[in-house]
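Asks: Pasted the sequence and its predicted model underneath.
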Protein chains: 2
Amino acid sequence: MELTTEEKIIEAARKIFTQKGFSATRTRDIAEEAGINLALLNYYFRSKQNLFQIIIEEKFDELFGIINPILSNREISLEEKIETLVTNYTNLLLENEDLPFFVLSEIKSNEFIIKRVKQNAEILSQPVIESQLKERGFTTSSFNFIMNIMSLTLFPFMSKPLFVSSGLIKEEEFARFITERKKDIPTWVMNTLK
Amino acid sequence: MELTTEEKIIEAARKIFTQKGFSATRTRDIAEEAGINLALLNYYFRSKQNLFQIIIEEKFDELFGIINPILSNREISLEEKIETLVTNYTNLLLENEDLPFFVLSEIKSNEFIIKRVKQNAEILSQPVIESQLKERGFTTSSFNFIMNIMSLTLFPFMSKPLFVSSGLIKEEEFARFITERKKDIPTWVMNTLK
DNA sequence: TTTTGATTTAAACAAGTGATTAAAACAAAT
DNA sequence: ATTTGTTTTAATCACTTGTTTAAATCAAAA
């Protein structure tokens, strides 16, 4: 492989942290996954917390960086916004199934991320959506609008382990199920507007 | 207080485990919260894992015990089922906001719970729903039906820390927001049927 | 070749954490 | 009052885990 030691560690940290979360991850697991000596991890990143911070910020951007550019653009219609958001999210999450669970669970406990969310509050606060809804005569709040898109799109990934282990859906069918849903969600969301 | 030592420990374990999850919880935290000596915890429950098992099973039942009795009852119409489920869930979760996050996150790693989910597969597998949908001429799958109810109802609780720390909604407004949503979700779900 | 600085390793430290032990305190029964 | 079994405590063990240290290896420069 062509990766530097630093990159190998990051890569391994990405994998283990997103799978198990901060607390359940041991630095030794990361070192082993990266195929390097444990001390190297501290040589390059000083501490577990430090390394984690890099990953959680990266993943936070991955999960929420999508939203604002789309929602805040007045040139894009409501319908297109939903469609684009759902498509982008679905594609992203199919490649990174642990992402929403990981980010949302660490937001609860990570002081730094909480601050960062406060700063990027505009990420989700959407006067543009508010006015687009009003123009079309819809009285639904933009918060409900955003909540519904995210609920219908993210929740299936967060609950996948439940439904797979219950046998209600098989691992191999999941991607197909999600891909079908992707087509329906925009209509469903439009139907929530009144 | 009127609680026995055993109950005090369970109570404390409930609180700390559901807040922080298995890994991030230290037995000393539970002991302190319960106001008892650390050794007592092991005297009564042998191990952290043992105590945890009691809590996770209890919480699992709390979260999923609701579903089957309602969905599998042929006497209850689709509309009533959605309405009842959403109402019950909303009330339950308003009192226990960490519940869905806790249960879903531990399902990923708890071998015993995974087995238990397999056993209670009928919990979610719903031939009754399937036939009720068919009778009404709807072609939507029962899986999508269940997924949509749960997405719209559970996700807001799972993402609450995000939206609160982003400032999009205030802690005090949340219960109100959820209570309003509760009225709308049944209509929204019915509109997903086709 | 020697030197110098960066990289890597093996070993161990220090604190944290789940669990145990042995003795003390307590309560109920005799 | 004494005995007996239960409950509680203080102390400590054994192991895990994040981190450090000091030495070894390597690569590039002089």
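Replies: Here it is on my side, so go on. Please read these numbers as outputs of a predicted model, since none were measured by experiment.
Asks: can you tell if the worst-scoring helix or strand of chain A on mean pLDDT touches chain B?
Replies: In chain A, the helix or strand scored least confidently by mean pLDDT, DSSP states H and E is helix A:111-119, which has a mean of 80. Yes: Helix A:111-119 reaches chain B (Cβ under 8 Å from any Cβ of the partner chain) through A:Ile114, A:Val117, A:Lys118. (Glycine included, C-beta is placed from N, CA and C.)
Asks: And for stretch A:72-90?
Replies: No: if you take Cβ under 8 Å from any Cβ as the test, stretch A:72-90 misses chain B, and the best it gets is 12.7 Å.
Asks: Can you point out the buried residues in that stretch?
Replies: Burial within stretch A:72-90, assessed by neighbour count using 16 or more other Cβ atoms under 10 Å in any protein chain shown, is assigned to A:Ser72, A:Ile76, A:Leu78, A:Lys81, A:Ile82, A:Glu83, A:Thr84, A:Leu85, A:Val86, A:Tyr89, A:Thr90.
Asks: Flag the least confident of these.
Replies: In terms of pLDDT, A:Ser72 ranks lowest among the buried residues of stretch A:72-90, with 91.
Asks: on that earlier part again, what's the least confident helix or strand of chain A packed up against?
Replies: With contacts defined as 3 or more Cβ pairs under 8 Å, 6 or more residues apart in numbering or on different chains; DSSP states H and E, helix A:111-119 has these neighbours: helix A:48-64, helix A:99-107, helix B:160-165.
Asks: tell me the most buried of the ones you listed?
Replies: Highest mean neighbour count among those (mean count of other Cβ atoms under 10 Å in any protein chain shown): helix A:99-107, with a mean of 22.
Asks: what distance separates that one from the centre of its chain?
Replies: 7 Å (Cα atoms, centre = their mean, to the nearest Å).
Asks: quick check, that helix touching chain B?
Replies: Yes: Helix A:99-107 reaches chain B (Cβ under 8 Å from any Cβ) through A:Phe101, A:Leu104, A:Ser105, A:Ile107.
Asks: Contacts for that helix next, please.
Replies: Contacts with helix A:99-107, where a contact means Cβ atoms under 8 Å, 6 or more residues apart in numbering or on different chains, come from A:17-18, A:21-22, A:56, A:59-60, A:62-64, A:92-93, A:113-114, A:117, A:154, A:157-158, B:21, B:101, B:104-105, B:108, B:158-159, B:161-162, B:165.
Asks: and if we set it to 7 Å?
Replies: A:18, A:21-22, A:56, A:59-60, A:62-63, A:93, A:113-114, A:117, A:154, A:157-158, B:101, B:105, B:158-159, B:161-162, B:165 (Cβ atoms under 7 Å, 6 or more residues apart in numbering or on different chains).
Asks: Nearest residue to the residue nearest to the spatial centre of chain A in space, please, no chain neighbours.
Replies: Computing the C-alpha centroid of chain A and ranking residues by Cα atoms, centre = their mean puts A:Leu63 first, at 3.2 Å. Leaving aside its sequence neighbours, A:Leu63 sits nearest to A:Val103 (Cβ to Cβ, 6 or more residues apart in numbering or on different chains; 4.8 Å).
Asks: Pull up the gap between the one you found and A:Ala31, please.
Replies: 24 Å (Cβ to Cβ, to the nearest Å).
Asks: Extract the residue ranges of chain A that are flagged as low pLDDT.
Replies: For chain A, applying pLDDT under 70 flags the ranges A:1-2, A:121-125.
Asks: can you list the domains in chain A?
Replies: Split into domains by automatic domain parsing, chain A comes to A:5-46, A:57-191.
Asks: what does chain A have sitting close to DNA strand D?
Replies: Counting by Cβ under 7 Å from any atom of the strand, chain A comes close to DNA strand D at A:25-28, A:38-39, A:41-43, A:46-49.
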